[in-house]
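Asks: Quick one: sequence plus predicted model below, questions after.
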Amino acid sequence: MPSTVASAVHSELLIKKSRFIGCVEPMRDRPSAQTRVLELWRQHPGATHVCWALLAGGQSAAVDDGEPSGTAGRPMLEVLRHQDLEGVLATVVRYYGGINLGAGGLVRAYTDAVAQALLTATKVPLTRLRTLHCALPYALEGLMRREIDAVGAQLLDVAHGSLVDMRFSLPEPDADAFIARLSDAASGRIGWMD
């Protein structure tokens with residue numbers, strides 16, 4: 001099951017006089033990630049590179065930012081994938097120390113910067129939400145509201161017409177059991193819609 005990090009985690013490595021400052025943080029999408037990278041450039045104007053990798057909202061990115069192709073962004077992305085993370089941005093700010101590390105050395109440095117940061121991460125499992133939509137008699141509205149609260153679902157919309165029309169979301173793994181339990185309790189008087 002994919003997870004994300006609860007908050008930003010950091011690392012710092014010194015390798016042959018080069019300084020690698022790693023960070024893995026929650027991130028919702030690519031535009032937010034690009035904004036964060038620009039902030040890092042402002043915070044570290046003397047840095048040589050700000051490499052990054054993103055897994056968020058079904059999108060991925062691996063940016064080498066001037067390092068030899070495939071030596072920074074892709075190894076960072078592989079660390080995120082290997083740890084089954086989603087909704088995260090990994091960044092590594094590099095201050096060049098004057099000694100070339102070679103392709104293998106760069107891959108190890110960027111991989112280690114992300115992996116070291118993740119050692120202190122609190123991982124939070126991600127659960128997909130499913131939106132349910134139903135129509136029910138007024139007499140069942142109280143029961144439905146209590147059941148929604150009991151499972152920690154989020155009520156999204158309620159409309160009152162000839163029936164009460166409700167939309168709410170709950171964790172996808174719980175949805176089918178919820179529908180079955182409420183349909184049984186209401187003797188089939190709840191109409192479920194897609």
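Replies: Arrived safely. Numbers count the residues shown, from 1 in each chain.
Asks: which residues touch the residue nearest to A61 when sequence neighbours are not counted?
Replies: Spatial nearest neighbour of A61, chain neighbours left out: L54 (4.3 Å); criterion: C-beta to C-beta, 6 or more residues apart in numbering. Quick note: C-beta positions are derived from backbone N, CA and C, even for glycine. By C-beta atoms under 8 Å, 6 or more residues apart in numbering, the contact list for L54 reads 27, 30, 33, 60-61, 77, 88-90.
Asks: Now with 10 Å, please.
Replies: Going by C-beta atoms under 10 Å, 6 or more residues apart in numbering, L54 touches 27, 29-30, 32-34, 36-37, 60-63, 73, 76-77, 80, 87-91.
Asks: ok, T48 - how many residues close by?
Replies: T48 sits with 15 neighbouring residues when counted by other C-beta atoms under 10 Å.
Asks: I meant E12, not that one.
Replies: Neighbours of E12 using other C-beta under 10 Å come to 13.
Asks: And for the one 3 residues further on?
Replies: The local packing of I15 (other C-beta under 10 Å) involves 17 other residues.
Asks: quick one, phi/psi of it?
Replies: phi -130, psi 110 (degrees, to the nearest 10).
Asks: Which secondary structure element is home to the residue nearest to A61?
Replies: Per DSSP states H and E: L54 is located in strand 49-56.
Asks: Could you do A121 as well?
Replies: Going by DSSP H and E, A121 is not part of any helix or strand.
Asks: What distance do you get for it to H10?
Replies: 10 Å (C-beta to C-beta, to the nearest Å).
Asks: Spit out the residues that contact these two alike.
Replies: Contacts common to A121 and H10, judged by C-beta under 10 Å, 6+ apart, are 24-25.
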